[in-house]
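Q: I'd like to go over a predicted model; first the sequence, then the structure.
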Amino acid sequence: MSAPESAPPELDWASLHDSWIGRLAFNLIGYCTIIVPGYLLIKYFKSGDYEQRAGERGCLDAAVRSCVHGSDGAFGALPTTDPSTAGGGPRERSPLRQALVLMFCVAGLLGSYLSWGVLQEKIMTKEYDNGTPERGRFSDSQFLVFVNRVFALLLSALYLLVVRHQRHRAPLYKYSYCSFSNIMSSWCQYEALKFVSFPTQVLAKASKIIPVMLMGKVVSKNKYEYFEYVVAILISIGMTFFLMGATEEKNKGTVTTFSGILILIGYMVFDSFTSNWQNALYKEYSVSSVQMMCGVNLFSCLFTTVSLLQQNGFVSSAHFMVKYPTFMFDCMMLSVFSAAGQMFIYYTISQFGAVVFTIIMTMRQGLAILISCLLYQHAISPTGVVGILIVFSAIFFRIFSSFRLRQRRAGQAPSQGAAKV
């Protein structure tokens, strides 16, 4: 008699979900349950067949047109002081008042984002306890993305309701593209902390100029100055020094480090697409920054809500909150700091322009590495320190060169006009 055939091994869904690749796959499947039907609906609503059947312009048709073709007031208007319409320059005020406003912006940006970074690392890398021997570590990065996006949506929607605003013209569905890339970049950002140190992640974020330039060529056909290519090369050299000299923690193996690098690459690709797509919407439809914040977070909440419901993420996260109350407080404060930081970004750019804002945020990245090393005992070798210095020197060189280029172009414009006269 022949031996009975052995049953095929069952797929271990729990272990698959415990791997970052499995979590990513489950998230993408959840998002596709919205993206695919949404694509088909948009395609139908744009067709002539729908236009013939639409009949009278009722509320449903107005909502459809707002999503597909744009409308007169889907998100309302934007304040006259918004950075997208204010010209990005400093306002007329006394030197003392201008210094006080600048100090307020610096304190707001550094305070909110440095606190956000510390909490981010704590939530994703440290174990929580509730006074008993039992300890737990939170692992659902998507839930943190959801909480941040909900608070940011509420804050931006409230702002648009109470502040005078102008017409919104962009089709709502176009926010979904950068919303998807935004939640993916945020997920990668949280997930990467399970595999690489926080200083490594911060330096990778500081180095995203390279993928942003590449994505700008693909999405917007942008052209860049020679000094920008020099900066990209210097940043690449600095990152190489840092990764070669960074001292990894004892429990981090080669495979784990490689996974972290892959996730960071994913973060930079998605984040660079987000900024370039948003820039394209700014140029085409003249939307405001707060309208952009509201639209992107609206779709982000939709994507993450559906995916979390499908994976039972709300139940497991709520159970973790009840079991470890400290996590609930950390999660709430993480969302507050994230949303407050976004509002400080828009206010700083409107008051002092993009150059000052970039300098402040570059300072923040350097301080974030220092604070993380002090609080969580990250060891960095001298070679890694050299890499950090090269990266930040290249960033400041880019800021200085961009500023000088703007000054030169501004000086040439009046003389060219006088020559024509």
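A: Alright, I've got the coordinates. Residues are numbered from 1 along each chain as shown.

Q: And residue 407, how close does it get to residue 400?
A: 11 Å (C-beta to C-beta, to the nearest Å). The C-beta positions use only the backbone N, C-alpha and C, and glycine is treated the same way.

Q: Who has more neighbours out of these two?
A: In this view residue 407 and residue 400 are compared by other C-beta atoms under 10 Å, and residue 400 has more residues nearby, 13 against 10.

Q: what packs against the host helix or strand of the more buried one?
A: Per DSSP states H and E: residue 400 is located in helix 382-420. The elements that helix 382-420 packs onto, with contact taken as 3 or more C-beta pairs under 8 Å, 6 or more residues apart in numbering; DSSP states H and E, are helix 198-206, helix 226-245, helix 325-376.

Q: Any idea which of the ones you listed gets closest to residue 284?
A: Ranking those by proximity to residue 284 (C-beta to C-beta) places helix 325-376 first, at 19.5 Å.

Q: about what we covered before: buried stuff in the helix holding residue 400?
A: 384, 386-388, 390-392, 394-395, 398-399, 401-402 (16 or more other C-beta atoms under 10 Å).

Q: looking at the helices and strands packed on helix 382-420, which is closest to residue 41?
A: Nearest of those (C-beta to C-beta): helix 325-376, 29.6 Å.

Q: orientation of the closest one relative to helix 382-420 in degrees?
A: With axes from the mean of the first three to the mean of the last three C-alpha atoms, to 10 degrees defining the directions, helix 325-376 sits at 90 degrees from helix 382-420.

Q: Past the lowest-mean-pLDDT helix or strand in the chain, which element shows up next along the chain?
A: Ranking every helix and strand in the chain by mean pLDDT, DSSP states H and E puts helix 83-86 at the bottom, with a mean of 42. As assigned by DSSP H and E, the chain's next helix or strand after helix 83-86 is helix 95-125.

Q: List the buried residues of that next one.
A: Buried, per 16+ other C-beta under 10 Å, within helix 95-125: 101-102, 105-106, 108-110, 112-124.

Q: Repeat that for stretch 201-220.
A: 201-216.

Q: isn't residue 112 right next to residue 341, touching?
A: Yes - if you go by C-beta atoms under 8 Å, residue 112 and residue 341 touch, sitting 3.9 Å apart.

Q: Surely residue 222 forms part of a helix?
A: No - Residue 222 is assigned coil when assessed by DSSP: H, G, I helix; E, B strand; the rest coil, not a helix.

Q: show me what contacts the nearest residue to residue 237 once chain neighbours are set aside?
A: Among residues not flanking residue 237 along the chain, residue 390 sits closest, at 6.0 Å (C-beta to C-beta, 6 or more residues apart in numbering). With contact set as C-beta atoms under 8 Å, 6 or more residues apart in numbering, residue 390 has these partners: 234, 235, 237, 238, 241.
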